[in-house]
Structure formats: structure tokens, C-alpha cells
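[1] Got a sequence here, can you model it:
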Amino acid sequence: MDTRSFDVLLYGAGGFTGRQTVAYFAAHAPVGLRWALAGRHPAKLEAARAAAAGPSQPAEVLKADSRDPASVDAAVSRARVVLNTAGPFALYGDPVVDACVRFRTHYVDITGETTWVADLIQRHHARAAADGVRIIPFCGVDSVPSDLGAFLLVNLLRAQGVGCGPVKAAFRLRGGLNGGTVASALQLFESGQARRAQQPFLLDGPAAHTPEDIAANVDPTRPRWDADFGRWLAPFVMAPVNTRVVRRSAALAALAGEAYGAHFAYQEYLAVRSRLQAAAMATGLAVFQAALGSPARGLLKRLLPAPGTGPSEDVIHSGWLRCELLATGDDGRKAYGLVKDTGDPGNAITVKCLCESALALALDTARLPGGAGRGGILTPATGLGDVLVERLRAEGMVLAAGSSPPG
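    Next up, the predicted model:
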């Protein structure tokens, strides 16, 4: 692996999010790291390289197009790690992941497309696990804050000799929307996969779940008052992605002999100020999802951001995210978590999470959870764990767990 040309290959680097990853690597990657850009439009890649100011610079620009798998193979085979921002991943991601598995190249992306990842698990998990290749989707705001937040609470309780029971998370955030996220949501409904995505244990594999397990993990659809958080809670648009990822982490941990807890369950919500606001958010989400599954989807395509576009720099820099978590141990004790950061969640925070995930794979291999031999279709918690926690803390993200509520 050390003889390969590049430590990290930024695939899709000419798109809206891809350009941000180039800027992040230029500013944050250590000098001497060998990284390169790949995508189907060399002119856009050159523009991204020219715009990136910083001490670290990409070594090469490679043309690679998922419609030409040979070009993808040629690029992937030269890299130790691939960072992929080219979505919708169900449309463009298969040749990239396929190549990573064949060439034993580690992989991270920012997908929120759970049904696509479920298919990757069926197709590639066994071989990637046998070869020690880490394929880690969901490395953006979908679903690093959720996955690492739950991971820290589980570890805190485990250190106290207690299994983790139910965990609930309450999000507050402000930010914009980019066209890639919109395209992925639209593709889910256009492909007929939306109903499949409703399965609460979609990413767990074939293990059977009791009716009690399902009831404890079903997606909430109604507003409710929560005395622990002291807030009204509404259904959260990202929950159908994040919750599946956290549950896969729990399932993978159990297989590795590191079970989260016999009664572990995970739910998350949007925290709001009033009952009226919670009701409005629940109704608005239901209407939006219904529109995505109807002929009105065509109108949404015209109204929402197009692929390759996103919020302004002001929106990206003025956004923020705060997630409070509460876990109940098997003996009834409480553990509290907090994940927060500044910057637009879907752009600035996503780019930070993704780039630090790739850098963890490239620079911290010996410290990754499970040792050098761990592989498969993993999650941020099971594939990167404390290494990613440390890297994100060093870049200003708060990731905390304790026995009292966060301030």
C-alpha cells in the first residue's frame, strides 16, 4: 500500500462539496501528505486546485468518470484512501466502491442514502472484512455527530461497568441546503426505495428483532414534550438516516464482542421552543415527504437548489449545530452527551467530518479501532472511533460525555 502514488484521492472534487474538501485539505493536511483530485471535469478540478490556498497542495489532477469504470479503476488503484463527494451515490457511487474493494483502498463518503449502503453491505461487507478494507459511508453530518455521540455515551457507561439502554438525541441547528443533498433525496423517491428506507434496522443485516425492539426504535412522527431535555421535540428530517447508522454501529460492536447493551435503542428528534412549533415542524416534514413521493416532485426540483450549487459563504460560516444526548444505563443511571460545532451543518461541518475521517485513515492507521485487520462496510464509530473523536476535537468540535447535563 505504501508504494501507491497518493495517500488520499479526493474523488468528485469539482462539485460544490468537493471544492470545499480541496480547500480544507490545502489548509489542514500536513505538508508531505500525498493527495490528488479526481473527477469527470478536469477544468473544474483545476479551478478547485487554483482556488485552494494553503501549505498543502494536490499532487495531480486525474480524470475519472463513474460512467467509465476503467478510468475509476486507474485512479483508485493509485490511492491508499478515497474520499468521495460525487452523489447521488446510488447513481454514481458503485464503480468507486467496487474499485476500492478490489484494490484494497480504504474509503469514506458523505452519503445519507441508506438503501444504497444496505446494498453495499450485501455485496461487499464479507470481502472487505476479510481483506481488512474499511469502507465507511456516512462520514458527514449524516451521521458523525449522532454516531460518535452515542459511542461516547456507551463507552462512558461501559467504563462504569454498566450496559447502555435507550439513548435519545435532540438536535438544534441552523444552516443552508446544497443541491447534492436535494438530488440524493429526490433520487430515493424516484428509484422507489423510499418505503424500504423506513425499515428501522435496515443496515443491521439479517438478525431478527423482537416487536419490543422495533417499537423502541420506530421513527417518531408526532411532537412531544420531553422533561429530560426541557423542550418540545419534533420529528427530525435526518433521523431516518442517523438512527440506522447508530444501530449498525451497535450491531457491528456486538459481533466484535463489544456490545453496546442488551437493551440498547436509539432515537433522535429536533428540539424546538414550543408545542406549536413542534406541531408545525411535524406537519411540514410530513407534507414535504408526501410531495417528494408525488407528481409535485417535479416542482420541488425547480424550486430547490440544483446539483453543484449551495448556500452562500455567509450562510456556511454563520451556521451551527448542537446535539444533546441522554442515555439510560441498564441500572437506571443517566449519562449525558453533547456534540456541537460552528458552521453550516451540511457544508462546513460535513466537510470537516469527512476530511478528518479520510486523514484518520491515512495517518492514524495503527490506532484505528479493531486494529489493522478490521474491515467491512463500517460506520464512523466502528471504523474510526476515538481517533476521529480526537481529530474533530482538535479542530474545534465539542464531543463530550459525562454524568451531568451539559451546560
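[2] would you say Phe171 is within a strand?
    Yes: assigned with DSSP: H, G, I helix; E, B strand; the rest coil, Phe171 falls within a strand.
[3] any idea how far Arg158 is from it?
    As judged by Cβ to Cβ, to the nearest Å, Phe171 and Arg158 stand 25 Å apart. The C-beta positions use only the backbone N, C-alpha and C, and glycine is treated the same way.
[4] And for Lys63?
    Counting by Cβ to Cβ, the separation of Lys63 from Arg158 is 48 Å.
[5] swap in Phe16?
    40 Å.
[6] returning to what we had before: could you check which of Phe171 and Arg158 is surrounded by more residues?
    Using other Cβ atoms under 10 Å as the criterion, Phe171 and Arg158 rank with Phe171 on top: 24 against 16.
[7] pretty sure that one contacts Cys323?
    Yes: between Phe171 and Cys323 there is a contact at 5.0 Å, judged by Cβ atoms under 8 Å.
[8] any shared contact partners between the two?
    Glu268 (Cβ atoms under 8 Å, 6 or more residues apart in numbering).
[9] in the chain, which residue is closest to the centre?
    When the chain is reduced to its mean C-alpha position, the closest residue under Cα atoms, centre = their mean turns out to be Phe138, at 2.5 Å.
[10] what about the residue lying closest to it once chain neighbours are set aside, helix or strand, and which?
    Of all residues not flanking Phe138 in the chain, Val245 sits nearest, at 4.9 Å (Cβ to Cβ, 6 or more residues apart in numbering). Assigned by DSSP states H and E, Val245 belongs to helix 239-255.
[11] Show residues contacting that helix.
    By Cβ under 8 Å, 6+ apart, the residues outside helix 239-255 that reach it are 112, 114, 138, 142-143, 145-147, 150-151, 154, 167, 169, 197-198, 200-205, 207, 217, 219-220, 259-260, 264, 266-269, 376, 378-382.
[12] same check, this time on stretch 113-122
    Contacts for stretch 113-122 (Cβ under 8 Å, 6+ apart): 87-90, 93, 97, 111, 135, 137-138, 184, 187-188, 191, 193, 196-197, 202-203, 205, 240-241, 244-245, 377.
[13] again, but for stretch 289-309
    Applying Cβ under 8 Å, 6+ apart, the set of residues contacting stretch 289-309 from outside is 15-16, 177-180, 182-183, 185-186, 188-190, 194.
[14] Pull the contacting residues for Gln193.
    Counting by Cβ under 8 Å, 6+ apart, Gln193 makes contact with 90, 115.
[15] any idea how far it lies from Thr114?
    Gln193 is 9 Å from Thr114, by Cβ to Cβ.
[16] what's the answer for Thr3, then?
    According to Cβ to Cβ, Thr3 and Thr114 sit 36 Å apart.
[17] more neighbours, the two?
    The residue with more neighbours, out of Thr3 and Thr114, is Thr114; 27 against 6, by other Cβ under 10 Å.
[18] Need phi/psi at the more buried one.
    Torsion angles at Thr114 (phi, psi; degrees, to the nearest 10) stand at phi -70, psi -40.
[19] Same check on Gly308?
    Per degrees, to the nearest 10, the backbone of Gly308 is at phi 90, psi 0.
[20] count of residues packed around it?
    By other Cβ under 10 Å, 16 other residues sit near Gly308.
[21] ditto for Leu177
    Leu177: 17 surrounding residues under other Cβ under 10 Å.
[22] cool, and Glu258?
    Neighbourhood size, Glu258 [other Cβ under 10 Å]: 15.
[23] Likewise for the one 10 residues further on?
    Per other Cβ under 10 Å, the neighbour tally for Glu268 reads 28.
[24] and if you look at Val287?
    As a burial measure, Val287 scores 11 neighbours (other Cβ under 10 Å).
[25] before we move on, which element is it in?
    For Val287, the host element (DSSP H and E) is helix 275-292.
[26] Distance from the chain centre to the following helix or strand past that helix, please.
    Where DSSP H and E defines the elements, the next helix or strand beyond helix 275-292 is helix 297-303. Its chain's average C-alpha position is 26 Å from that of helix 297-303, according to Cα atoms, centre = their mean, to the nearest Å.
[27] which residues are in contact with the next helix or strand after helix 297-303?
    The helix or strand immediately downstream of helix 297-303 is helix 313-318, counting by DSSP H and E. Outside helix 313-318, the residues that touch it by Cβ under 8 Å, 6+ apart are 174-176, 310, 343-344, 347-348.
[28] Repeat that for stretch 17-34.
    Stretch 17-34 is contacted from outside by 5-8, 10-13, 35, 37, 39, 48-49, 51-59, 83, 85-86, 110, 178, 180, 310, 347-348, 350-352, 354-355, 359, 362-363, 395, using Cβ under 8 Å, 6+ apart.
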